[in-house]
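# Okay, predicted coordinates and the sequence, questions at the end:
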Amino acid sequence: DAGITQSPRHKVTETGTPVTLRCHQTENHRYMYWYRQDPGHGLRLIHYSYGVKDTDKGEVSDGYSVSRSKTEDFLLTLESATSSQTSVYFCAISRQGRADTQYFGPGTRLTVL
Amino acid sequence: GENVEQHPSTLSVQEGDSAVIKCTYSDSASNYFPWYKQELGKRPQLIIDIRSNVGEKKDQRIAVTLNKTAKHFSLHITETQPEDSAVYFCAADINNNDMRFGAGTRLTVKP
């Protein structure tokens, strides 16, 4: 597996609380992505980054923000968690952007009560 | 918006038979079509990919075909084995840096 870790791996939180998920890579890849995975929907892109401090929205970005202050770290923040954000979150990395292979992290299972 | 449709959602085959999963996409500018395998509780892992300048690619028991005119691509697994049981996702690159995934196919290979 590519050098990608996610933390925490599991989290249970309450509605209305802020939550931050971390993705860390040791591959020095330029692009990083956050996806959520829900039954029947496959993987849906939340936000992605194409360099330090450079980020853009994906398909399902409402309620989420991201930050990338270092090449190796990409943070996903749920500013006020809702039950609809209960999901499995995957980080991915790629050397280049469009049309390049993405490698996934191990995932974070988030439950919002 | 741009979409990737994947069929079937579930597929059950006998060990040794072939399995075929099909995907269609809507963005005519898509050029990259990966396939991922995801075992229960694990991360998606790339098993094969194809780019728009070729029509077919094979890797041992796995092959992918692409028809750009019809905007569809397919995954073919021959001589299936129980360890092929997993969820398979197709994907296509769209827009700037977006990868759109199909909803997945749960493949069960019965011994």
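Received it, and whenever you're ready, just let me know what you need.
# Show me which residues of chain A are close to chain B?
Residues of chain A that fall close to chain B, judged by C-beta under 8 Å from any C-beta of the partner chain: A:1, A:31, A:33, A:40-45, A:48, A:50, A:56, A:58-59, A:90, A:97-107. Any C-beta I mention is one placed from the backbone N, CA and C, and that applies to glycine too.
# Are any of those buried, and if so which?
Buried subset of those (neighbour count, 16 or more other C-beta atoms under 10 Å in any protein chain shown): A:31, A:33, A:42-45, A:48, A:50, A:58-59, A:90, A:97-100, A:102-105, A:107.
# Mind checking which of the residues of chain A next to chain B are in strands?
With DSSP state E as the criterion, strands contain A:31, A:33, A:42-45, A:48, A:50, A:56, A:90, A:103-104 from among the residues of chain A next to chain B.
# any weak-confidence spans in chain A?
Applying pLDDT under 70 to chain A flags residues A:1-2.
# center of it, which residue is that?
A:W34 (2.7 Å; C-alpha atoms, centre = their mean).
# right, and it touches A:L43 too?
No. With contacts counted by C-beta atoms under 8 Å, A:W34 stays clear of A:L43, the gap being 10.3 Å.
# Which neighbours do those two have in common?
Common contacts of A:W34 and A:L43 (C-beta atoms under 8 Å, 6 or more residues apart in numbering or on different chains): A:F90.
# Report whether the helix or strand bottoming out on mean pLDDT in chain B contacts chain A.
Every helix and strand of chain B was ranked by mean pLDDT, DSSP states H and E. The lowest is strand B:98-101, at a mean of 88. Yes. Strand B:98-101 comes into contact with chain A (C-beta under 8 Å from any C-beta), by way of B:98-101.
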